[in-house]
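Q: Provided below for reference: sequence and predicted model.
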Amino acid sequence: MMTATSNKQRLLNTFFTALKKNHQPSDCADRPVLEQLLYAVVRENSSRSAADLAFANLQEQFFDWNELRVSSAHEVAVALEGLPQPVAKAQRLIDLLQEIFESTYSFELESMQKKGLKQAAKQIARYRASSDFAVAWVVQRSLDGHAIPVDAPALRTLKRLGLVDEFADDVPALMAGLEHQVPKAKGPLFVELVNLLAHDRCGEQPRCTNCPLKAEIAMSHGGYHSPHAARKRGALVPLSLRERG
């Protein structure tokens, strides 16, 4: 029997191999630390394509970050059309810019790069409008640290793949676990591929037909093709099998 660790490593290797055949995500744009933090708020629970478009809209429709800060959530939400909960996301952006302005009287966070990684991460986490995802995103993309940002669609996908436990709900702990599984050099690619899979194939109602990881998902959950047999043995049944059962 494969150990859980070796099984996850096999899954991870297959994940990269299968998805890279058809998908080669381009590198994300280099951005100042503040913009990476704002982008993380936009990106959380969104597809990359939708987040990129929304962030570009923000930069085009507002003269600068101060204009966005003093705008209403509904005004900002217009630029975020197509994202989940655009008004709530807009309010987070406004609140975040307000917090940063009140603490620095400016709209730049480049000084964070001179601080130690842990201290910089703690500062980002202290912003009320921040999140575990946003902290990990900035650590990975701006602070040269090893972190794997995980949002709700990514968590759903990782559970179906078997890369995290079905009942895992401690997101900081599972992100730390993923850091041990995914090499730092592959971290950004892993995040982009999971995001692509989460929004293209693995939504609330998964589209499993022709998914390059369909066979691996079945194997990772015990190799059962019968959901009833899997329940008796205590194995996790992929959602697509449960629906057909």
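A: Arrived safely, thanks for sending.

Q: remind me which residues of this structure are low pLDDT?
A: By pLDDT under 70, the weakly predicted segments of the chain are 1-3, 216-245.

Q: Okay, domains of it per the record?
A: The chain is divided into the following domains under automatic domain parsing: 33-141, 214-244.

Q: who wins for proximity to Val164 among these?
A: domain 214-244 (11.1 Å; Cβ to Cβ). Yep, even glycine has a C-beta here, placed from its N, CA and C like the rest.

Q: for the protein, which helix is longest?
A: Among the segments of the chain that qualify as a helix by DSSP state H, the longest is helix 86-104.

Q: Enumerate the helices of the protein by residue range, in sequence order.
A: Counting by DSSP H, the helices of the chain are 4-20, 33-43, 48-61, 65-69, 73-79, 86-104, 117-126, 132-141, 152-161, 171-181, 187-200, 214-220, 227-233, 239-244.

Q: Now distance to Pro206 and mean neighbour count too, for the ones you listed, in TSV please.
A: As requested, the helices of the chain are arranged in TSV below (distance: least, Cβ to Cβ, whole Å; neighbours: other Cβ atoms under 10 Å):
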stretch	distance to Pro206	mean neighbour count
helix 4-20	15	15
helix 33-43	22	23
helix 48-61	19	16
helix 65-69	36	17
helix 73-79	29	18
helix 86-104	25	18
helix 117-126	32	16
helix 132-141	22	24
helix 152-161	7	21
helix 171-181	20	16
helix 187-200	10	20
helix 214-220	9	18
helix 227-233	14	13
helix 239-244	5	15
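
Q: can you pull the contacts of Ser130?
A: Counting by Cβ atoms under 8 Å, 6 or more residues apart in numbering, Ser130 touches 37, 96, 124.

Q: residues touching the second one, list them.
A: Pointing back at Leu96 there. Applying Cβ under 8 Å, 6+ apart, the residues contacting Leu96 are 37-38, 41, 127, 129-130.

Q: Quick one: end-to-end distance for stretch 14-26.
A: In stretch 14-26, first residue to last residue: 20 Å (Cα to Cα, to the nearest Å).

Q: picking up where we left off before, please state the offset of the longest helix of the chain from the chain centre?
A: 20 Å (Cα atoms, centre = their mean, to the nearest Å).

Q: I'd like the numbering to begin with 38 instead of 1 from here.
A: Okay, using 38 as the starting number, the last item reads as helix 123-141.

Q: now the angle between helix 169-178 and that helix, please.
A: 60 degrees (axes from the mean of the first three to the mean of the last three Cα atoms, to 10 degrees).

Q: Keeping just the C-alphas, turn helix 123-141 into PDB.
A: Extracted in PDB, the C-alpha atoms of helix 123-141 (Å, rounded to 0.1, in the frame of the first residue of the first chain):
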ATOM      1  CA  PRO A 123     -18.400  42.500  -6.500                       C
ATOM      2  CA  VAL A 124     -19.900  44.900  -4.000                       C
ATOM      3  CA  ALA A 125     -18.400  43.100  -1.000                       C
ATOM      4  CA  LYS A 126     -15.100  42.800  -2.800                       C
ATOM      5  CA  ALA A 127     -15.200  46.500  -3.700                       C
ATOM      6  CA  GLN A 128     -15.700  47.400   0.000                       C
ATOM      7  CA  ARG A 129     -12.700  45.300   0.900                       C
ATOM      8  CA  LEU A 130     -10.600  47.200  -1.500                       C
ATOM      9  CA  ILE A 131     -11.800  50.500  -0.100                       C
ATOM     10  CA  ASP A 132     -11.300  49.400   3.500                       C
ATOM     11  CA  LEU A 133      -7.800  48.100   2.700                       C
ATOM     12  CA  LEU A 134      -6.700  51.300   1.000                       C
ATOM     13  CA  GLN A 135      -8.100  53.300   4.000                       C
ATOM     14  CA  GLU A 136      -6.200  51.200   6.500                       C
ATOM     15  CA  ILE A 137      -3.000  51.600   4.500                       C
ATOM     16  CA  PHE A 138      -3.400  55.300   4.100                       C
ATOM     17  CA  GLU A 139      -4.100  55.800   7.800                       C
ATOM     18  CA  SER A 140      -1.000  53.800   8.700                       C
ATOM     19  CA  THR A 141       1.500  55.200   6.100                       C
END
